[in-house]
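**Student:** coordinates only, no sequence provided:
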């Protein structure tokens, strides 16, 4: 059995480095774009395939579940197959799966293609991190992380607006077809440049028990989170069964992986202070951010009558400062303490969410866009430093495993954050509706006057006037519930700042040590 040793490949230089970075970045962008691009097309897909919207949402659920299962396997797969074979193979299969999604004539075939797409997408994010760190000079590892972050953060933001535009202008199939030229280019260029830079492999035994437990608890929990709201959570026997399955299999998974000689997921990484603090901080922050990112356009479409394309365009400015500042942070990081930059990011996040906590239904587009524009600043400031902290001090052969496990926790927290945000918004809306209607009865002269005013102005009967009044109350209650979530989100960002400071200083960007994997 070959002993795993750090590869001794020198950094890439000149045009080759630029071309390789573009290819890896495009593969990353293609992957993260598909996590959100299909969301706005679900009604169209469901209608074209002759299924209900509830059935159509499985297009999102199966991709997320398959993706969540495969991400933490990256470290093990890398040691078995090698970094380059795994990355290029994943890009090629992702491209093939995208083609199968586009031509799918019915829902079962589309779901099969989405499962394949989710499985092969898992290693792409952590492998792109590891490959870029190994391509750039050690002293410029922070810039490599910055360029990676530019594509990883902008993809989910661009997804809804791009998906809405493509679906409206062409057909839903093209949200998958656009991956084909990108994937072919990324796979061919990556293989040509990196094929002689393969990492050392080890023929590790397959941890079959760990794999089965991983698939069971992650799959059960992901489906529970995606379908919980539709099935009324724990009032549903299906959700209860999924929850019990997830908890029991997770407990056995942790025990097994910590005692297995060759675990399929290296949970011992959590014994490192920087990995633990950095992973928890970035994951909670991402969960809060992503949960809000899903709710905001949903509220705009449902209560402000924005079209899906318009709602996406109102969110799009989030990527402006994220793109502009990422290279700046990459240059600044080697001379700074990553913990200070991440702290500033969390304080700025808190400020942005506090700005949103006073939203009203009469809000204009500028006051919607301004906090979104400003939110791009902490997006650049938190993602790169915390990734650098997580990977700091990792030996080269541990980088894929560390990147894979930390990305799994982050993506998983994004799913949890989305489910929690949606449920809390629904519950707070119901609560505010009850409070607003407590005094809305015939004994209240103000209520009676309002109903009479609606009747006289719009020439409708009392029943219709009551219905119209209730719709106004619903909109106000939803607005108040969303404001509650914004305010609590600001508090959460302040509360998780101490997690950054349990880590050791990661000067030099933190990724510098990891970047020695040349």
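**Tutor:** Good, I have the coordinates. Quantities reported herein were computed from a predicted structural model and do not represent experimental measurements.
**Student:** and the gap between residue 382 and residue 143?
**Tutor:** Distance of residue 382 to residue 143, given as C-beta to C-beta, to the nearest Å: 17 Å. (C-beta placed from N, C-alpha, C; glycine too.)
**Student:** and the two? which has more neighbours close in?
**Tutor:** For residue 382 versus residue 143, the count of surrounding residues by other C-beta atoms under 10 Å is larger for residue 382: 28 against 23.
**Student:** what's the spacing between the host helix or strand of that one and its chain's center?
**Tutor:** Here residue 382 sits within helix 365-391, counting by DSSP states H and E. With C-alpha atoms, centre = their mean, to the nearest Å as the basis, helix 365-391 stands 14 Å off its chain's centre.
**Student:** same deal with stretch 139-147?
**Tutor:** On C-alpha atoms, centre = their mean, the centre of stretch 139-147 falls 22 Å from the chain's centre.
**Student:** avg pLDDT for it?
**Tutor:** The pLDDT scores in stretch 139-147 average 74.
**Student:** now that stretch: buried residues?
**Tutor:** Judged by neighbour count (16 or more other C-beta atoms under 10 Å), stretch 139-147 contains these buried residues: 140, 141, 142, 143, 144, 145, 146, 147.
**Student:** which two in these are spaced the farthest apart?
**Tutor:** Spanning the widest gap among the buried residues of stretch 139-147 are 141 and 147, at 10.9 Å by C-beta to C-beta.
**Student:** quick check: next helix or strand after the helix holding residue 382?
**Tutor:** Next element after helix 365-391 (DSSP H and E): helix 399-437.
**Student:** just give me how far the helix or strand following that next one sits from the chain centre.
**Tutor:** Note on helix 399-437: by DSSP H and E, the next helix or strand toward the C-terminus is helix 445-458. How far helix 445-458 lies from its chain's middle: 46 Å, per C-alpha atoms, centre = their mean.
**Student:** show me which residues of helix 445-458 are buried.
**Tutor:** By neighbour count with 16+ other C-beta under 10 Å, helix 445-458 contains the buried residues 447, 451, 454, 455.
**Student:** including distance to residue 360 and pLDDT, could these go into TSV?
**Tutor:** As requested, those are exported to TSV (distance: C-beta to C-beta, whole Å; pLDDT from 0 to 100):
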residue	distance to residue 360	pLDDT
447	21	75
451	23	76
454	21	76
455	26	75
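**Student:** adding distance to residue 314, write these out as JSON lines.
**Tutor:** Shown next, in JSON lines, are the buried residues of helix 445-458 (distance: C-beta to C-beta, whole Å):
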{"residue": "447", "distance to residue 314": "34"}
{"residue": "451", "distance to residue 314": "34"}
{"residue": "454", "distance to residue 314": "30"}
{"residue": "455", "distance to residue 314": "35"}
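**Student:** and which of these is nearest to residue 243?
**Tutor:** residue 447 (42.3 Å).
**Student:** is it correct that the closest one is in contact with residue 439?
**Tutor:** Yes - between residue 447 and residue 439 there is a contact under C-beta atoms under 8 Å: 6.9 Å.
**Student:** for the buried residues of helix 445-458, work out which two are farthest apart.
**Tutor:** Farthest pair in those, by C-beta to C-beta: 447 and 455, 12.8 Å.
**Student:** re earlier: keep only those of the buried residues of stretch 139-147 that are in helices.
**Tutor:** The members of those that map onto helices under DSSP state H are 141, 142, 143, 144, 145, 146, 147.
**Student:** residue ranges with poor pLDDT in the stretch 351-500 of the chain?
**Tutor:** Applying pLDDT under 70 to the stretch 351-500 of the chain flags the ranges 440-443.
**Student:** can you do 90?
**Tutor:** 358, 360-369, 372-373, 375-377, 379-424, 426-427, 433-476 (pLDDT under 90).
**Student:** over to the stretch 101-250 of the chain?
**Tutor:** Applying pLDDT under 90 to the stretch 101-250 of the chain picks out residues 104-108, 115, 118-119, 121-176, 178, 190, 192-212, 214-215, 217-239.
**Student:** quick one, helices of it?
**Tutor:** Counting by DSSP state H, counting those that start in this stretch, the stretch 101-250 of the chain has helices at residues 107-121, 124-135, 141-169, 174-177, 179-194, 208-227, 237-259.
**Student:** those: which one's closest to residue 331?
**Tutor:** Nearest of the helices of the stretch 101-250 of the chain to residue 331, taken as C-beta to C-beta: helix 141-169 at 6.7 Å.
**Student:** what is the closest one packed up against?
**Tutor:** Other helices and strands packing on helix 141-169, by 3 or more C-beta pairs under 8 Å, 6 or more residues apart in numbering; DSSP states H and E, are helix 14-33, helix 124-135, helix 174-177, helix 273-303, helix 308-315, helix 318-332, helix 365-391.
**Student:** give me the mean pLDDT for the longest one.
**Tutor:** For helix 273-303, the per-residue pLDDT values average out at 87.
**Student:** what is the orientation angle of that helix with helix 365-391?
**Tutor:** Using axes from the mean of the first three to the mean of the last three C-alpha atoms, to 10 degrees, the inter-axis angle of helix 273-303 relative to helix 365-391 is 160 degrees.
**Student:** again with the first one
**Tutor:** Between the axis of helix 14-33 and that of helix 365-391 there is an angle of 120 degrees, by the same axes, to 10 degrees.
**Student:** kindly report the same for the fifth one.
**Tutor:** Between the axis of helix 308-315 and that of helix 365-391 there is an angle of 70 degrees, by the same axes, to 10 degrees.
**Student:** and what of the second one?
**Tutor:** Angular relation of helix 124-135 and helix 365-391 on a 0 to 180 degree scale: 60 degrees, by the same axes, to 10 degrees.
**Student:** going forward, count from 315.
**Tutor:** In the new numbering, first residue 315, that becomes helix 438-449.
**Student:** so which elements touch helix 438-449?
**Tutor:** On a contact count with 3+ C-beta pairs under 8 Å, 6+ apart, helix 438-449 meets helix 328-347, helix 388-395, helix 397-417, helix 455-483, helix 679-705, helix 713-751.
**Student:** that one to helix 397-417, inter-axis angle?
**Tutor:** Going by the same axes, to 10 degrees, helix 438-449 makes 140 degrees with helix 397-417.
**Student:** chain center to helix 438-449: distance?
**Tutor:** The answer for helix 438-449 is 18 Å, by C-alpha atoms, centre = their mean.
**Student:** that helix vs helix 455-483, what angle?
**Tutor:** Using the same axes, to 10 degrees: helix 438-449 against helix 455-483 is 140 degrees.
**Student:** buried ones in helix 438-449?
**Tutor:** Result for helix 438-449 [16+ other C-beta under 10 Å]: buried residues 438, 439, 440, 441, 442, 443, 444, 445, 446, 447, 448, 449.
**Student:** now the third one
**Tutor:** Applying a neighbour-count criterion of 16+ other C-beta under 10 Å, one finds 489, 490, 491 buried in helix 488-491.
**Student:** hmm, the first one is touching residue 478, no?
**Tutor:** No - with contacts defined as C-beta under 8 Å, residue 489 does not count as touching residue 478, sitting 9.6 Å away.
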